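Trainee: The sequence isn't on hand, but the structure is:
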C-alpha cells in the first residue's frame with residue numbers, strides 16, 4: 001500500500017516553488033503572501049514529511065516524486081484507488097471501484113455480446129487453419145470475462161542532485177532565450193576577440209540595463225541551487241570535521257594549512273564547452289562562459305564552509321544574540337522585527353573585523369561588530385524595494401535630514417570627526433547616498449591604507465533607510 005500524504009492547495013503551490021529552488025521571499029512574492037505565511041506552510045510540510053530542514057524536504061520530495069502531486073486534478077475524492085503489487089517483477093497494479101448503474105449494465109451487455117462474436121470468429125478461423133498442414137494449434141479455452149486493469153510502469157527515479165542540475169539548466173535556457181531576443185531586437189555592438197576570433201557582443205544603453213538585471217537574477221537563483229547541491233553532497237559525504245581549535249599560537253599556521261588544502265581541492269581548469277553543465281552569457285565582457293557543476297565543485301564549496309565554521313567557532317561563542325537583536329530593532333525602529341542569526345562574517349572595508357550576521361524576513365542582512373557591539377552595516381537584498389511613486393517621494397532636503405539623523409544617532413564619532421571628513425551625496429533612481437569619508441588623512445602603514453574609514457547611508461526617496469555601512473567607529 002502506498003503512503004498517501006495529503007497537502008492543501010496552498011501547500012502544493014509552496015512545494016512546487018520549493019523544489020524549483022526558490023527562497024522563502026521568492027515563494028512569498030510568487031504567491032502574493034507574506035514570508036511568515038510561507039514559513040507557516042513550510043512548517044506544516046516538514047511535519048507531514050517527517051523532516052526538519054529544507055534540504056531533507058527537497059530530498060524526500062524528490063524521492064516521492066511529489067512534484068506531479070501539485071496539480072489540483074490529482075487525488076480527487078471521487079475515485080478510490082486500491083494499489084497492490086503482484087509477483088510480475090514487482091509491478092504495481094491499480095484497479096478502480098466504479099458504482100454500478102444502468103448505463104454501466106448496458107455497456108457490460110454490449111461488451112459480452114462483442115466477446116461472444118469475437119470468440120465465434122476465432123473458432124471459425126481455427127477450423128479453417130486446421131485444414132492446412134501448417135496450421136498452428138489454437139488455445140483450448142479463451143477467457144471471455146477478463147477484467148481490464150491498468151499496469152503502473154515504474155518511472156526511473158532521478159537523484160536530488162540531478163534534479164537540481166535540471167533546474168539550473170532550465171534557468172540557463174530561459175536566460176539565454178532572453179539574451180537572444182535582446183540581441184535580435186535591442187541595441188548591440190559587435191566585435192571579435194583578437195586572440196580566439198570568438199564573436200563578442202556588448203549590449204548598450206537600455207538593452208544593457210535589461211540584460212544586466214536578468215543576469216543578476218539568473219546568478220542569484222543559480223547560486224542558491226548550487227548551495228543546495230553542495231549541502232546535499234555534504235549530507236551524503238558526511239566529511240569529518242576539523243579538530244577543536246588549537247592554541248592561539250598554533251591556530252593561524254593550522255588555518256594557513258587548511259587554506260592551502262582548500263586551494264588543492266578547488267584547483268581545476270576551466271571546463272570545455274562540451275563538458276560544461278551550462279554555458280551562460282556575461283554582459284560585462286560580451287562573451288559566453290562554461291560552468292561545470294558537479295561533486296568536485298561541491299567538495300570545494302563544502303571544504304570552504306568547514307574551514308569557515310572552524311575559524312569562526314571561537315567568535316560565535318562570544319556573540320550575544322539577544323543583545324544584538326535588541327540593538328538592531330532599536331536602531332531600525334521596529335520592536336517586532338523578526339531576525340535570525342546566520343553566521344559570523346567579515347565587515348566590508350574592514351575584513352579583519354568580525355561581525356555577527358542576522359537576516360530579517362525580506363533577506364536584508366544586519367552586521368553587528370563583535371568587538372564593539374555596534375551596528376556596522378545594513379545590506380539589503382536585490383532588488384531591495386518596489387518602485388516609489390512621485391507622491392511618496394520626499395525632496396532632497398528631507399532625505400538629507402533623515403540620513404544625518406540616522407548617522408548621528410548610530411555613530412558616536414561622527415560629530416567628533418565631521419570637521420575633517422569629506423562629505424558627499426548623490427542620487428540614482430529611487431535611492432540617495434550620503435557619505436562622510438576620512439580619506440583626507442594619511443593612512444599608509446595601517447590596515448586602512450587601501451580604503452580609509454567612512455560612513456555611508458542610503459535612503460530611499462520615500463524616506464526609508466535602505467543601506468548602511470559605518471567603519472568610522474571601528475578604527476582606533
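Mentor: Looks like it arrived, so ask away. These figures come from a predicted structure and were not determined experimentally. Numbers count the residues shown, from 1 in each chain.
Trainee: Just give the number of residues close to residue 431.
Mentor: For residue 431, the count of nearby residues is 20 (other CB atoms under 10 Å). From N, CA and C alone the C-beta is placed, and that goes for glycine too.
Trainee: What pLDDT is listed against it?
Mentor: Residue 431 is assigned 90 on the pLDDT scale.
Trainee: List the contacts of it.
Mentor: 458-461, 466-467 (CB atoms under 8 Å, 6 or more residues apart in numbering).
Trainee: Go again with 10 Å.
Mentor: Going by CB atoms under 10 Å, 6 or more residues apart in numbering, residue 431 touches 380, 384-385, 388, 399, 458-462, 464, 466-467.
Trainee: quick one: which of the residues you listed is most hemmed in?
Mentor: residue 459 (25 neighbours).
Trainee: The helix or strand that contains that residue pairs with which strands?
Mentor: Using DSSP states H and E, residue 459 sits in strand 454-460. With DSSP bridges as the test, strand 454-460 is paired with strand 431-437 (antiparallel), strand 465-470 (antiparallel).
Trainee: Which residue ranges of the stretch 251-400 of the chain form strands?
Mentor: 278-282, 287-291, 340-347, 350-359, 365-369, 375-379 (DSSP state E, counting those that start in this stretch).
Trainee: The fifth one packs against which elements?
Mentor: For strand 365-369, the elements it packs on are helix 321-332, strand 340-347, strand 350-359, strand 375-379, strand 465-470, judged by 3 or more CB pairs under 10 Å, 6 or more residues apart in numbering; DSSP states H and E.
Trainee: what does the domain assignment say about the protein?
Mentor: 9-76, 93-150, 160-313, 321-470 (automatic domain parsing).
Trainee: mind giving me a markdown table with the strands of the stretch 251-400 of the chain and columns for mean neighbour count, distance to residue 305 and mean pLDDT?
Mentor: Formatted as a markdown table, the strands of the stretch 251-400 of the chain follow (neighbours: other CB atoms under 10 Å; distance: least, CB to CB, whole Å; pLDDT from 0 to 100):
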| stretch | mean neighbour count | distance to residue 305 | mean pLDDT |
| --- | --- | --- | --- |
| strand 278-282 | 18 | 23 | 94 |
| strand 287-291 | 15 | 20 | 93 |
| strand 340-347 | 16 | 10 | 88 |
| strand 350-359 | 19 | 15 | 90 |
| strand 365-369 | 23 | 18 | 94 |
| strand 375-379 | 22 | 20 | 94 |
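Trainee: can I get those strands in JSON lines with distance to residue 453?
Mentor: JSON lines is the format used below for the strands of the stretch 251-400 of the chain (distance: least, CB to CB, whole Å):
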{"stretch": "strand 278-282", "distance to residue 453": "33"}
{"stretch": "strand 287-291", "distance to residue 453": "36"}
{"stretch": "strand 340-347", "distance to residue 453": "11"}
{"stretch": "strand 350-359", "distance to residue 453": "8"}
{"stretch": "strand 365-369", "distance to residue 453": "13"}
{"stretch": "strand 375-379", "distance to residue 453": "11"}
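Trainee: need the helix or strand of this protein with the lowest average pLDDT.
Mentor: Lowest mean confidence among the helices and strands of the chain (mean pLDDT, DSSP states H and E): strand 92-96, at a mean of 32.
Trainee: Identify the residues contacting residue 451.
Mentor: Contacts of residue 451 (CB under 10 Å, 6+ apart): 348-350, 437, 439, 443, 471.
Trainee: which of those residues are buried?
Mentor: Using 16 or more other CB atoms under 10 Å as the burial test, the contacts of residue 451 include 349-350, 437, 443, 471 as buried.
Trainee: give me every residue that touches the most centrally placed residue in the chain.
Mentor: The centre of the chain sits closest to residue 224, judged by CA atoms, centre = their mean, with a distance of 3.4 Å. With contact set as CB under 10 Å, 6+ apart, residue 224 has these partners: 21-23, 26, 164.
Trainee: among the residues you listed, who's most crowded?
Mentor: For the contacts of residue 224, the largest number of neighbours (other CB under 10 Å) sits with residue 164, at 24 neighbours.
Trainee: what's the neighbour count on the nearest residue to residue 204 once chain neighbours are set aside?
Mentor: Closest residue to residue 204 apart from its sequence neighbours, by CB to CB, 6 or more residues apart in numbering: residue 187 at 4.2 Å. Look at residue 187: counted by other CB under 10 Å, it has 12 neighbours.
Trainee: Ok, residue 242 next?
Mentor: Neighbour count of residue 242, defined by other CB under 10 Å: 15.
Trainee: and if you look at the one 10 residues further on?
Mentor: Neighbour count for residue 252, taken as other CB under 10 Å: 10.
Trainee: For it, give its distance to residue 259.
Mentor: Here the criterion is CB to CB, to the nearest Å. By it, residue 252 lies 10 Å from residue 259.
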